[in-house]
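Asker: no sequence for this one, just the structure:
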């Protein structure tokens, strides 16, 4: 140890930040923040930054805050091979922070976006939200973690691990004036091949790219297709709450209709059925959390997180439905019940809308479509089918006819949306900035999930239209028991179909991110 | 149960494990891994020789961090270096000496293992003679260990048949330097790479294999021209100003051709040639066969580009050529190295700042064995055939001069061939894994089966250790002390940070203890207790030699961050470059030689049956045969298996796409289940596969073709065929009218054109 001398203040002869354990950063003026500069002309794809990052933060090998990807273009021998090392871009409008229901993300005064580990419940919504695929779930910790630019090192004039480790000086820390950056520079220097437009989150990382890049640069992992997470608890939760909502809406309409027409009003068993769906479905969602014990804190960020809004509104909706169900149980009728039902329905409608907005994020191009919202509502055709089954059992055939008609109407919309999405996949062009994500989703459906996809194709029209229509015929032909059988069958098949559809919705949603490497992909 | 519920609820986020703590040297680092102390050392992977610190906590290595004051790496390390401490705790460590009992390797005591090996060797030597025992060592021991091993093998075991795996990588550079300059010894410094105006990188993929050297290459970048000459557009090629896609193994023709142009244009250095070289006239005559048009035809490089390159090299003030395996691992490796040296001495680009013909080494201490290993020379770059050298060495180490061998025995490949012939019956393999790294695996494996006894000394249960009769459990980097010499002749100190695990011992200890059984310890290693004793003897025997250690001490090496030999009274702090004006060349007349060697076409060229050229190489994540890096998850995950790079034109013919599985065959065998990677980085008609993997053992395909001078295998060019699922017969070659075949797919031609041509060919 005698030869060991303190070199914290050692200045590398090169004057570069790399190799040096100490760093001198200028003090920030108002409107400035720290950011990464990545020089793709210097990076040789050695992965030092990746390893150094994990060594610094004690992360297991499969939790990577920094990754190196690769793109290639041109024809031998005039080939461009470019590497990208990327961790967090410490965005000016970070979507992770915006979407986080527990306010676990903090943008420090110096611009670094850090994560409050204790507050995190492991919902992983940020891992969907970040279009750069930066936050990563650490199973062992039950929470999401991410790059924090080694802010504790920076505070002590120490070099962040990746910057220190890069042998080529390709990664640096700089100061950026946010206003100037957003004015125009971001468009010139904030974008890189394979990445989403920097304006989406107002990313701050500055890229230096080689001159004369070929027009087409393909990621090394362009053909590597990995399904996204199945999210089973969410499959059930979303389908059940959506079915519950339309079911409840039908209940409300039935209640109002019974006041002004001769139709019989809804009853306790119907109210209970729609309530039960949500009451079972909603708590299920806690199962997908890393830390279910802290599920309730998901409502913390009502200001900017659709997830918080969903949790609150669907929670209240379900509670109110419980009250409505009690009204039916104690046979409390009248104006008060209708008002309560209207309030409940409005809460539910907003809840389902908020639920759909969770998925309308640029990072998941196959979700980020208007049809997602429509689909979330029209899935509820099962709700009216279910009520129709109950009414058939009771013998209110007039109501059954109406309910089945609504089911067929909603079901038809659902079928349209399904085939519309198929056309969307089939017609995607290479010019589309999300070509890789969409075409990979298509390949997943047509290869990895072919059986489920085929089941969905067949089961949806049968469950949503064919069986209900046959039931209408059977009913009007006087065979109520056969009609009941058909409706019950339709309910079961449609449930199956929608659950499978939702499963495909999740597992085929290929994220935007960074170009990956040949074997490890983008390592998520 | 409660624990499970708690785990499910996610109550514990392991805050402590993931928090940071203050380290006095490196600042905020992981609290869980924060070392009790740091040990200054040198990296044990490649020949770059990076200085580093090993962090030790509770007797376990937890960190490796680059030494910012070390000139080689200035605080950086490659990904292998950064994760090097994990290597010590790999699951495949040898741990205990082993002896094969009933066909199964069983842990035994050291005395049992030594005795078994001793008796095996003794019996073979008694029946078949001393030379029936052969030893193959490595480039990864410490210099002190190499010296001890060499002495023991040559003087104690008394067998001439001793070589290192360095013959698989550096031998051609060694012989090339010897031919040209009279001695081995890389000429330049990394500083020269940094300061040069022009750098030619020939057959070297520095970005993958020596990332830290790229740091030097990229210095002074704006005033520097870099030309990368490589058949494959490697990661390094993309850093170049000029990428020269040379046809496989035509580099000797290119170098001779460049020499011709330099001569023709009068760009040579008359004074240097007159004062410091011999054989210019014959050389000029020799290069008349390499006129630009002809060379362009051979190499596939346009005449204009040839002039451009020649001018760039000759007219730049500071020109440097560096190379690695693309040059060395060739049937003509030695002569190609000398052809590089020819260019340097005809232009006087040697012995000056920024100028050198610079061989970059592969293993951490390939240099150590070259200097004092006693394989291709007597320690201290002495010649076997020189009686004066023999006598000097015998006197210095106090042994009878008759004991010192007067010739070199079999080289690596010759040893294997002799085993196959039944001439050699016992083999001792030290810290190398021929079962992955040697060419023509079928032949090798057939030969090894004929051995009476195979002893393997290794820290890891390599493929070769697994088939051994006796295994000596060695310690590895970080568990022992001594010196590593890097590519620029810098002798670095490697220190012991932790104890060797279980029953394993340092190679130094093993050699000394084993020598006792042969009764030579007193004679050879009198009073030797620790590596320092060997180091002192090295200082003594190297005094006055080119690789002079006499001015070094362990303390001085550490203080200066390594010392570049020669280090003596004249160069007390070492010497940056060899053969400056005041340092004559090592031939007796002090002059360098021009070497007149002719280019030869490939011995195994493409044929109808095997129409593609296979090139093998490495990737940054792995080291050699993956016995170490294959165990480090973060590295292995990035490159978990071998892949086959194929040009899109060939992929189309084979109807394969990325991630398909393919079989590759040569006349010696086939390798199945290779992942296809379609890429424009390889030329049509060529494929690339990394050699690291025992899972897809590409050396089944490579040939038993060796440089006659250095014995180095011709790894880089093998005629192969690819067999895809859809096109199992593989690629069909175009047949010319004359009946000759050629691979015709040039860059201009679109794939459609090719298809049409193929059709025409089928019809004709």
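Answerer: That came through, no problem. These numbers come from a predicted model, not from an experiment.

Asker: Okay, the residue of the stretch 251-400 of chain A found nearest chain B and residue A:437: tell me how far apart.
Answerer: The nearest approach of the stretch 251-400 of chain A to chain B comes at residue A:291, 3.0 Å away (Cβ to the nearest Cβ). Yep, even glycine has a C-beta here, placed from its N, CA and C like the rest. According to Cβ to Cβ, to the nearest Å, residue A:291 and residue A:437 sit 29 Å apart.

Asker: ditto for residue A:464
Answerer: 28 Å.

Asker: Please say which of these two ends up with more neighbours.
Answerer: residue A:464 (30 against 23; other Cβ atoms under 10 Å in any protein chain shown).

Asker: close to chain A, is the longest strand belonging to chain B?
Answerer: Identified as the longest strand of chain B according to DSSP state E is strand B:669-678. Yes: residues of strand B:669-678 are located near chain A by Cβ under 8 Å from any Cβ of the partner chain, namely residue B:677.

Asker: Give me the helices and strands touching that strand, please.
Answerer: In this structure, strand B:669-678 packs against strand B:643-646, helix B:648-654, strand B:661-666, with contacts taken as 3 or more Cβ pairs under 8 Å, 6 or more residues apart in numbering or on different chains; DSSP states H and E.

Asker: what's the closest of those to chain A?
Answerer: Across the helices and strands packed on strand B:669-678, chain A has its closest neighbour in strand B:643-646 (7.0 Å, Cβ to the nearest Cβ).

Asker: Is there proximity between that closest one and chain A?
Answerer: Yes: with Cβ under 8 Å from any Cβ as the measure, strand B:643-646 is seen reaching chain A through residue B:643.

Asker: Mind listing what's buried along that strand?
Answerer: B:643-646 (16 or more other Cβ atoms under 10 Å in any protein chain shown).

Asker: Check which helices and strands the one helix or strand residue A:276 maps to is in contact with.
Answerer: Residue A:276 belongs to helix A:268-284 when elements are defined using DSSP states H and E. Other elements packing on helix A:268-284 under the criterion 3+ Cβ pairs under 8 Å, 6+ apart are helix A:232-260, helix A:306-329, helix A:381-394.

Asker: So which of those is the most surrounded?
Answerer: Comparing those by mean neighbour count (mean count of other Cβ atoms under 10 Å in any protein chain shown), helix A:381-394 ranks first with a mean of 26.

Asker: Redo the helices and strands packed on strand B:669-678 as a markdown table? Include distance to residue A:156 and mean pLDDT.
Answerer: Below are the helices and strands packed on strand B:669-678 laid out as a markdown table (distance: least, Cβ to Cβ, whole Å; pLDDT from 0 to 100):
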| stretch | distance to residue A:156 | mean pLDDT |
| --- | --- | --- |
| strand B:643-646 | 43 | 98 |
| helix B:648-654 | 50 | 97 |
| strand B:661-666 | 51 | 98 |
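
Asker: now, of these, which is deepest in the fold?
Answerer: Ranked by mean neighbours (mean count of other Cβ under 10 Å), the helices and strands packed on strand B:669-678 are led by strand B:643-646, with a mean of 26.

Asker: Show me chain B divided up by domain.
Answerer: B:2-87, B:98-169+B:365-564, B:171-360, B:612-763 (automatic domain parsing).

Asker: Nearest to residue A:54 among these would be which one?
Answerer: Using Cβ to Cβ as the measure, domain B:612-763 is the one of the domains of chain B that comes nearest residue A:54, at 6.1 Å.

Asker: That concludes my questions; thank you for your assistance.
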